[in-house]
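>>> Structure here, sequence nowhere to be found:
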């Protein structure tokens, strides 16, 4: 790996940055992001980035607004320090669920975030996005990578009798993602139609498809309070599924999520490490991890060397 690459991270997910740096055979650049007593944020980059290829890894978790501000400030600091190229790496895009105007007078916050980053006029790599249309919010180059190859790899290696499985989408919005994964695994597909009383509260679920006597694998892009996963698992068991797994790209796991998982019919809930959850695994033994640092590091390497990134759209690194 050339020495002209710099990997910088804020306070959002330093553990993931270390995993990516290890695979790239580089060190995470020295940086001091501090929240002052008046709640302002201070950023100091502790080494030169002049004429370097800088990659800034910052994800969506915890104090989201502070981490977003850190990202913008790090970009600004690198620009004023004469970095050759600056690439923002966002494993989980902030405000990705606010991608459309679904209520009167509601803001499209995902577009607002895109505008703020575009104002910096730098290159951005959007990893594992909640909605692919977010790419269109930017006027700068964007790559939206997919976790599907890593999910398929995990299922083949870790779920017994996966060939007798059915991939289940917990809502109509995820049908395309789940059918693609089912085709890749050569398995059946089912869909759960859900009706909501209000945000994060599901009132009724209806199963479309056959799961009796099969391993049910619920696939979703985001799990927040996990109410949907808990209810979906119960519906699948009631319809004769042998066991139920849930595989989720972004494990937000807020509120009573861990309690819901522990008390549910789910055998395992598998999430990627786009969001840190190591402490939550100690509370919830059903929680497992897919490490996506290999995809991020390979995408960074290919970008740095001017190689095609499209290979990663359908292949897990090393396969």
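Cool, the structure landed. None of these values were measured; they are calculated from a predicted model.

>>> pLDDT averaged over the longest helix along the chain - what is it?
With secondary structure taken from DSSP state H, the chain has its longest helix at helix 64-80. Per-residue pLDDT over helix 64-80 has a mean of 94.

>>> What is that helix packed up against?
Judged by 3 or more CB pairs under 8 Å, 6 or more residues apart in numbering; DSSP states H and E, helix 64-80 is in contact with strand 31-35, strand 41-45, strand 53-57, strand 85-90, helix 109-119. Bear in mind the C-beta positions are built from the backbone N, C-alpha and C, glycine included.

>>> most tightly surrounded among these?
Stretch with highest mean neighbour count among the helices and strands packed on helix 64-80: strand 53-57 (a mean of 26; mean count of other CB atoms under 10 Å).

>>> distance between that one and the chain's centre?
18 Å (CA atoms, centre = their mean, to the nearest Å).

>>> by how many degrees do that strand and strand 41-45 diverge?
Orientation of strand 53-57 against strand 41-45 (axes from the mean of the first three to the mean of the last three CA atoms, to 10 degrees) gives an angle of 150 degrees.

>>> Pairing partners for strand 53-57, with directions?
With DSSP bridges as the test, strand 53-57 is paired with strand 5-9 (parallel), strand 85-90 (parallel).

>>> on that earlier part again, wait, which of the helices and strands packed on helix 64-80 is closest to residue 275?
The closest of these to residue 275 is strand 85-90. By CB to CB, the value is 11.6 Å.

>>> quick one: average pLDDT of the closest one?
Mean predicted confidence for strand 85-90 is 92.

>>> Stretch 241-251 too?
95.

>>> Same check on stretch 189-201?
Stretch 189-201 comes out at a mean pLDDT of 73.

>>> Let me see the ranges of the strands in the chain.
All strands of the chain, identified by DSSP state E, fall at 5-9, 31-35, 41-45, 53-57, 85-90, 123-127, 142-145, 165-169, 188-198, 201-208, 215-223, 243-251, 266-272, 287-290.

>>> domains for this protein, by residue range?
Annotated domains of the chain cover 5-146+293-313, 148-290 [automatic domain parsing].

>>> picking up where we left off before, now render the strands paired with strand 53-57 as TSV, adding distance to residue 183.
Listed next are these as TSV, based on distance: least, CB to CB, whole Å:
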stretch	distance to residue 183
strand 5-9	35
strand 85-90	28
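
>>> which residues of the stretch 51-200 of the chain score low on pLDDT?
121-123, 125-131, 195-200 (pLDDT under 70).

>>> same thing but 90
60, 62, 96-104, 117-147, 160-161, 163, 170-177, 193-200 (pLDDT under 90).

>>> re earlier: would you mark the buried spots in the longest helix of the chain?
For helix 64-80, the neighbour count (16 or more other CB atoms under 10 Å) marks 66-72, 74-75, 77-78 as buried.

>>> Return the member of the residues you listed nearest to residue 291.
Distances from residue 291 to the buried residues of helix 64-80, taken by CB to CB, are shortest for residue 67, at 20.8 Å.

>>> Identify the farthest-apart pair in the buried residues of helix 64-80.
Longest span within the buried residues of helix 64-80, CB to CB: 66 and 78, 18.7 Å.

>>> picking that back up, can you put the helices and strands packed on helix 64-80 in JSON lines and add distance to residue 225?
Shown next, in JSON lines, are those (distance: least, CB to CB, whole Å):
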{"stretch": "strand 31-35", "distance to residue 225": "27"}
{"stretch": "strand 41-45", "distance to residue 225": "29"}
{"stretch": "strand 53-57", "distance to residue 225": "27"}
{"stretch": "strand 85-90", "distance to residue 225": "23"}
{"stretch": "helix 109-119", "distance to residue 225": "20"}
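
>>> For residue 248, which of these is the nearest?
Here strand 85-90 is closest among the helices and strands packed on helix 64-80 (CB to CB), at 17.7 Å.

>>> from the middle of its chain, how far away would that closest one be?
16 Å.

>>> still on that earlier bit, save the strands of the chain as JSON lines, and put in distance to residue 176 too.
Putting the strands of the chain into JSON lines (distance: least, CB to CB, whole Å) gives the following:
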{"stretch": "strand 5-9", "distance to residue 176": "32"}
{"stretch": "strand 31-35", "distance to residue 176": "38"}
{"stretch": "strand 41-45", "distance to residue 176": "39"}
{"stretch": "strand 53-57", "distance to residue 176": "28"}
{"stretch": "strand 85-90", "distance to residue 176": "22"}
{"stretch": "strand 123-127", "distance to residue 176": "18"}
{"stretch": "strand 142-145", "distance to residue 176": "14"}
{"stretch": "strand 165-169", "distance to residue 176": "9"}
{"stretch": "strand 188-198", "distance to residue 176": "11"}
{"stretch": "strand 201-208", "distance to residue 176": "15"}
{"stretch": "strand 215-223", "distance to residue 176": "11"}
{"stretch": "strand 243-251", "distance to residue 176": "14"}
{"stretch": "strand 266-272", "distance to residue 176": "19"}
{"stretch": "strand 287-290", "distance to residue 176": "21"}
